[in-house]
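Undergrad: With the sequence up front, the predicted model follows.
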Amino acid sequence: MRYDEALAWLNGHINLERIGPRAPGELSLDGIRALMDVLGDPQDAAPTIHITGTNGKGSTARVVTALLVELGLTVGTYTSPHLQRINERMRIDGRALSDDECARALELVAAAAPLADVTSSYFELLAAAGYAYFADVPTSANVIEVGAGGRHDATNVVSAEVAVVTNVGLDHLDYFGPTIHHVAAEKAGIIEEGAHLVLGADDPELRHHFLDQRPGTVWVLGDDIEVQRNEIAVGGRVLDVRTPMATYTDLFLPLHGAHQGRNAALGLAAVAAFLARSLGGEVVAAASPAATSSCSPPPAPRAPRRRPQRRGCRRGGRDLRLGVLRRRRHDPGVRVQQRSGAGRDARVAGPDRPPHRRGHRP
């Protein structure tokens, strides 16, 4: 199947992203489950971090992906919607699928769909294509962003080891409302019993909706996870983040807005929960969140610029790095390590690594 043929086949199905979700009484996962069953349940092929929330899902997914890739894992990431091309929704190690790869992903589903004997929507087919292609690669970890809500979202056929809820607001009230409690209950539906929950929703009155799902471990932003510093810096923000596994100081985040500090903290905590250990400062410093609004395939190589660029940020907006704020004064407590286009080593204090003492090099 060629790329244009694959898109034509996909566009022949109802697109609920354009006309709105199904009516509340029609919400069901039966159709997507039947399709996944015919495909051999590829959603179960790799451990998964599943992310929902009113805002911040995409940024958190990119941070999680970048950290896992830096750790050497092959990572499949599914996000929505796309900005320019459908390829952006499915990525391997942060790279959007090529046209041939996207056609292959859709072809896997197109071949199986008639056997499922269901009428699938545009989003259901794309979610299935993402899971099927990731299993075909194969990936060693998947990062999946919910499209809308959670409990009845097509991505929720997976049983994720880690569930992340970035926040809860008054979104999609026509379908998941009428109150914020209804919205919270819908988002809580991605939490598997016994799974690890990273909760960014800070309203105590909503917390019981998530605890009712009986997660095994719960880390709450503001209690177990804390953004201790979140300040404006040249080109972004500088953060100090505490998780139950470690504290990371002087992290430079090349994104603007205090909310991005919260998203980065949730991403760090999600990966620590996923691995059940802290992350080394070198990993955090070198990981690129790829947190730009554009996820399209990388452009063709360009001739190098004559004017030197600032380390850690290519002006094309494609390679932003999660690094460490460079101090103007010499601080012998910070080990500086040059990496190709990456940030510098972060100082990490945690149960498995003692904090650096000033004047002491590890």
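TA: Received, thanks.

Undergrad: what's the burial count for residue 215?
TA: Close neighbours of residue 215, defined as other CB atoms under 10 Å, add up to 21. (C-beta placed from N, C-alpha, C; glycine too.)

Undergrad: Quick check on it: phi, psi?
TA: phi -70, psi 160 (degrees, to the nearest 10).

Undergrad: check contacts around it.
TA: 163, 191, 192, 193, 194, 195, 196, 197 (CB atoms under 8 Å, 6 or more residues apart in numbering).

Undergrad: give the contact list for the residue lying closest to the second one once chain neighbours are set aside.
TA: When you say that, I think you mean residue 191. Spatial nearest neighbour of residue 191, excluding adjacent residues (CB to CB, 6 or more residues apart in numbering): residue 213 at 3.9 Å. Residue 213 makes contacts with 188, 189, 191, 192, 193, 197, as judged by CB under 8 Å, 6+ apart.

Undergrad: Pipe those into a markdown table and attach pLDDT and distance to residue 172 per row.
TA: Below are the contacts of residue 213 laid out as a markdown table (pLDDT from 0 to 100; distance: CB to CB, whole Å):
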| residue | pLDDT | distance to residue 172 |
| --- | --- | --- |
| 188 | 97 | 15 |
| 189 | 97 | 13 |
| 191 | 98 | 19 |
| 192 | 98 | 22 |
| 193 | 98 | 25 |
| 197 | 98 | 21 |
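
Undergrad: out of the residues you listed, which is most surrounded?
TA: Neighbour-wise, the contacts of residue 213 (other CB under 10 Å) top out at residue 191, 29 neighbours.

Undergrad: any idea how far that residue lies from residue 2?
TA: 40 Å (CB to CB, to the nearest Å).

Undergrad: circling back to that earlier point, save the contacts of residue 213 as a markdown table, and put in secondary structure and distance to residue 50 too.
TA: Below are those laid out as a markdown table (DSSP: H, G, I helix; E, B strand; the rest coil; distance: CB to CB, whole Å):
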| residue | secondary structure | distance to residue 50 |
| --- | --- | --- |
| 188 | helix | 12 |
| 189 | coil | 10 |
| 191 | coil | 9 |
| 192 | coil | 9 |
| 193 | coil | 14 |
| 197 | strand | 10 |
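
Undergrad: now, among these, which is nearest to residue 45?
TA: residue 192 (16.4 Å; CB to CB).

Undergrad: what sits against that closest one?
TA: 159, 160, 161, 163, 213, 215.

Undergrad: can I assume the residue nearest to residue 191 sits in a helix?
TA: No: remark: residue 213 does not belong to a helix; assigned using DSSP: H, G, I helix; E, B strand; the rest coil, it is coil.

Undergrad: Tell me where the model's unsure across this protein.
TA: Where the chain drops to pLDDT under 70, the residues are 17-25, 288-362.

Undergrad: three-state assignment of the residue nearest in space to the middle of it?
TA: What sits nearest the mean C-alpha location of the chain, by CA atoms, centre = their mean, is residue 61, with 1.2 Å. Under the three-state scheme (three-state DSSP), residue 61 adopts helix.

Undergrad: separation between it and residue 33?
TA: For residue 61, the distance to residue 33 - CB to CB - is 23 Å.

Undergrad: if we can go back for a sec, for the contacts of residue 192, which two are the farthest from each other?
TA: Among the contacts of residue 192, 161 and 213 lie farthest apart (CB to CB), at 14.1 Å.

Undergrad: gap between the helix or strand that contains residue 266 and the chain center?
TA: Here residue 266 sits within helix 258-275, counting by DSSP states H and E. Helix 258-275 sits 10 Å away from the centroid of its parent chain (CA atoms, centre = their mean, to the nearest Å).

Undergrad: tell me what it is packed against?
TA: Where contact means 3 or more CB pairs under 8 Å, 6 or more residues apart in numbering; DSSP states H and E, helix 258-275 is packed against strand 48-52, helix 57-70, strand 162-165, strand 196-199, strand 217-220, strand 226-233, strand 236-242, strand 247-253.

Undergrad: mind putting the ones you listed in TSV, distance to residue 9 included?
TA: Compiled in TSV, these are given as follows (distance: least, CB to CB, whole Å):
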stretch	distance to residue 9
strand 48-52	27
helix 57-70	26
strand 162-165	32
strand 196-199	37
strand 217-220	42
strand 226-233	45
strand 236-242	42
strand 247-253	40
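
Undergrad: Looking at the contacts of residue 215, spot the one nearest residue 68.
TA: Looking across the contacts of residue 215 and measuring by CB to CB, the closest to residue 68 is residue 196, at 15.0 Å.

Undergrad: and that closest one, what is it in contact with?
TA: Contact partners of residue 196, counting by CB under 8 Å, 6+ apart, are 161, 162, 163, 215, 216, 217, 218, 219, 273, 274.

Undergrad: Just the buried ones among these, please.
TA: Buried by 16 or more other CB atoms under 10 Å: 161, 162, 163, 215, 218, 219, 273, 274, out of the contacts of residue 196.

Undergrad: Give the full set of residues in contact with residue 150.
TA: Residue 150 makes contacts with 52, 156, 186, 187, 188, 189, 190, as judged by CB under 8 Å, 6+ apart.

Undergrad: which outside residues touch the helix or strand hosting the third one?
TA: Which is residue 186. Using DSSP H and E, residue 186 sits in helix 180-188. If you take CB under 8 Å, 6+ apart as the criterion, helix 180-188 is touched by 52-54, 146, 149-152, 165, 168-173, 176-177, 201, 203, 205-206, 209-210, 212-213.
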